[in-house]
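> Okay, predicted coordinates and the sequence, questions at the end:
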Amino acid sequence: MYVAVKGGERAIEASWRLLDKARRGDTRVPELSVAQIREQMRLAVARVMAEGSVYDEELAALAIKQAAGDLVEAIFLLRAYRTTLPRFGYTEPVETEHMQVQRRISATFKDVPGGQVLGATYDYTQRLLDFALLAESGEASEEANEEANEEANEEANEEATRAARPASATDEPMPRVVSLLDKEGLIEQETPTPDAPEPGDLSREPLAFPADRTIRLQNLARGDEGFLLAMGYATQRGYAHSHPFAGEIRFGSVSVEMMLDELGETVEIGEIELTECQMVNQFAGSKDVPPTFTQGYGLAFGHAERKAMAVALVDRALRGAELGETLASPTQDIEFMLSHSDNVEASGFVQHLKLPHYVDFQSELELVRRLRAQHHSPPGQNEEAA
């Protein structure tokens with residue numbers, strides 16, 4: 001046994017060396033730096049930060065590099081590192097209404113306060129491969145590339161601003177689009193009551209049921225984007241009896257503040273980029289509540305519109321019980337959705353099947369052999385054996 005263990009250790013160490021070699025690839029090609037990943041793969045970085053539950057672009061980029069682009073593995077790496085960090089306290093709730101918007105759109109109203117801000121988006125591209133990107137190489141100097149990029153970015157930003165914003169728009173914080181419905185009392189109020197309990201912390205306490213909305217939103221915020229996208233899509237196909245409208249999707253930077261007991265006041269400790277989505281859904285009402293609109297909410301680190309939208313769709317579906325709706329699909333089953341949305345847990349359960357299960361399989365093998373022997377034996381022999 002000890003010889004086998006030692007041999008296994010050597011094999012594993014050799015596997016690590018092969019992994020490093022495979023990650024690096026052809027050494028004749030320049031190595032991809034963490035800074036390049038951070039600046040040029042910002043959408044991948046945003047996903048790793050969101051599902052890894054750590055807002056740190058550099059660490060997320062490092063995890064992507066270490067995982068050779070496997071985002072689920074990178075999320076696992078970042079989540080594991082997160083467990084080693086000390087906790088100094090809790091920040092104040094961020095005010096997304098005061099967000100310095102880089103992109104903000106609404107599918108419910110054409111003219112909204114502050115205007116529609118298209119920003120940087122793939123929504124209006126033709127999804128054709130740009131072969132010109134293949135021509136980008138090290139022929140030009142780094143300085144020339146930097147100057148060209150800065151000029152192109154400035155021109156693009158100016159043009160996007162002129163085209164997307166009305167002349168009267170400013171950089172002042174933009175009010176929420178749903179406030180237009182709120183003025184007429186057509187949408188539910190989501191103001192916390194003074195006696196509302198403090199929300200739980202899913203990063204410190206394991207998931208337990210029943211789970212209130214604060215816990216559900218935490219779970220969905222770091223849930224797997226692919227799973228949530230599929231479940232959100234299912235709600236649109238009729239598996240939650242909802243008809244959603246994108247009330248507002250906004251992306252930009254918000255200030256993060258923390259209460260310092262020594263000073264007796266809150267202090268801004270930095271800024272983070274967030275994507276927020278508010279879905280508007282029709283609600284038929286009940287004998288106590290008149291017909292109105294309800295909301296689904298999604299929030300994600302970085303520029304992650306698809307994730308935020310999927311979270312909002314699933315959030316609204318999971319509110320079916322509190323709204324008195326008939327629960328008839330998996331997307332409305334809180335335990336099913338929350339228990340299977342985490343890709344770190346899902347990856348662990350699936351990939352552990354690659355590890356040795358020799359003893360377990362041998363017991364199964366012996367059982368099947370014995371059952372087959374009994375099955376093929378004449379009835380009399382089976383009775384005698386019994």
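Perfect, I can see it now. Numbering: from 1, shown residues only.

> C-alpha from now on. contacts and neighbour counts both.
OK.

> Where does the record place the domain boundaries for this protein?
2-82, 96-117+169-192+199-346, 358-386 (automatic domain parsing).

> Tabulate these in JSON lines, adding columns for mean pLDDT and distance to Gln126.
Formatted as JSON lines, these follow (pLDDT from 0 to 100; distance: least, Cα to Cα, whole Å):
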{"stretch": "domain 2-82", "mean pLDDT": "88", "distance to Gln126": "19"}
{"stretch": "domain 96-117+169-192+199-346", "mean pLDDT": "87", "distance to Gln126": "18"}
{"stretch": "domain 358-386", "mean pLDDT": "79", "distance to Gln126": "51"}
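
> The ones you listed into a markdown table, with extra columns for distance to Leu133 and mean neighbour count?
Shown next, in a markdown table, are these (distance: least, Cα to Cα, whole Å; neighbours: other Cα atoms under 10 Å):
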| stretch | distance to Leu133 | mean neighbour count |
| --- | --- | --- |
| domain 2-82 | 13 | 17 |
| domain 96-117+169-192+199-346 | 22 | 18 |
| domain 358-386 | 49 | 10 |
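
> List just the one of those that sits closest to Leu128.
Between Leu128 and these, the shortest gap by Cα to Cα is with domain 2-82, which sits at 18.9 Å.

> Direction included, what does the strand ranked longest in the chain pair up with?
Using DSSP state E, we find that the single longest strand of the chain is strand 265-283. Strand pairing for strand 265-283, determined by DSSP bridges: strand 244-260 (antiparallel), strand 292-301 (antiparallel).

> can you give me how far the longest one is from the chain middle?
This means strand 244-260. On the basis of Cα atoms, centre = their mean, to the nearest Å, strand 244-260 sits 15 Å off its chain's mean C-alpha point.

> who touches the longest strand of the chain?
In this structure, residues lying in contact with strand 265-283 by Cα atoms under 8 Å, 6 or more residues apart in numbering are 55, 96, 242-260, 291-305, 308-309, 312-313.

> Does anything pack onto the helix or strand where Tyr81 lies? Which helices or strands?
Counting by DSSP states H and E, the element that carries Tyr81 is helix 71-82. Under the contact criterion of 3 or more Cα pairs under 8 Å, 6 or more residues apart in numbering; DSSP states H and E, helix 71-82 touches helix 42-52, helix 57-66, helix 343-351.

> and if we set it to 7 Å?
helix 42-52, helix 57-66 (3 or more Cα pairs under 7 Å, 6 or more residues apart in numbering; DSSP states H and E).

> Contacts only, for Glu73.
Residues counted as contacts of Glu73 (Cα atoms under 7 Å, 6 or more residues apart in numbering) are Ala67.
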